[in-house]
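Colleague: Mind folding the following:
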Amino acid sequence: MPGLLRGIARTAVVAGTASAVAGRVQRHQAEKFAERDAGIYADRTAAYQQQMAAQQPYQQQYQQQAPPPAASPQVDVIEQLKQLGQLRDQGVLTEDEFNAQKAKLLG
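Modeller: Predicted coordinates for the structure are as follows:
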């Protein structure tokens, strides 16, 4: 019986030591990977900031040279007026509602 207890105790000590060593190795690797990831993130952030700084003069130049937006075509306004007239003729819109919507479209 004493030999059995000695074997069990030895197994427990070996298993406990292995568990502690494995935990320590795991923590060490996690710290190492966290430092590496932080370095990669810092490098990417710096590269992104440099890229944005390099593009900024081109963006300002483009904004200065950009043509004004084109005016909306009158065809759309005419089509919308036709649709409003049809809704009024169908009885969906009252004369007052039609006039209000027409005034909005015509400015």
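
Colleague: just the helices in the chain please.
Modeller: If DSSP state H is used as the criterion, the helices of the chain fall at 2-65, 74-90, 95-106.

Colleague: Next, the buried residues of the shortest one.
Modeller: Of the residues in helix 95-106, those scored as buried under the neighbour-count criterion (16 or more other C-beta atoms under 10 Å) are 98, 101. Quick note: C-beta positions are derived from backbone N, CA and C, even for glycine.

Colleague: Count the neighbours of residue 55 for me.
Modeller: If you count neighbours by other C-beta atoms under 10 Å, residue 55 ends up with 11.

Colleague: Okay, it and residue 49: tell me how far apart.
Modeller: 11 Å (C-beta to C-beta, to the nearest Å).

Colleague: Give the ranges of residues in the chain that sit below the confidence cut-off.
Modeller: Counting by pLDDT under 70, the low-confidence segments of the chain come to 1, 58-75.

Colleague: domain assignment for it?
Modeller: For the chain, the structural domains run 1-66, 70-107, going by automatic domain parsing.

Colleague: Chain neighbours aside, what residue packs nearest to residue 87?
Modeller: residue 93 (4.6 Å; C-beta to C-beta, 6 or more residues apart in numbering).

Colleague: shouldn't that neighbour be in contact with residue 86?
Modeller: No. Counting by C-beta atoms under 8 Å, residue 93 does not reach residue 86; the two are 9.4 Å apart.
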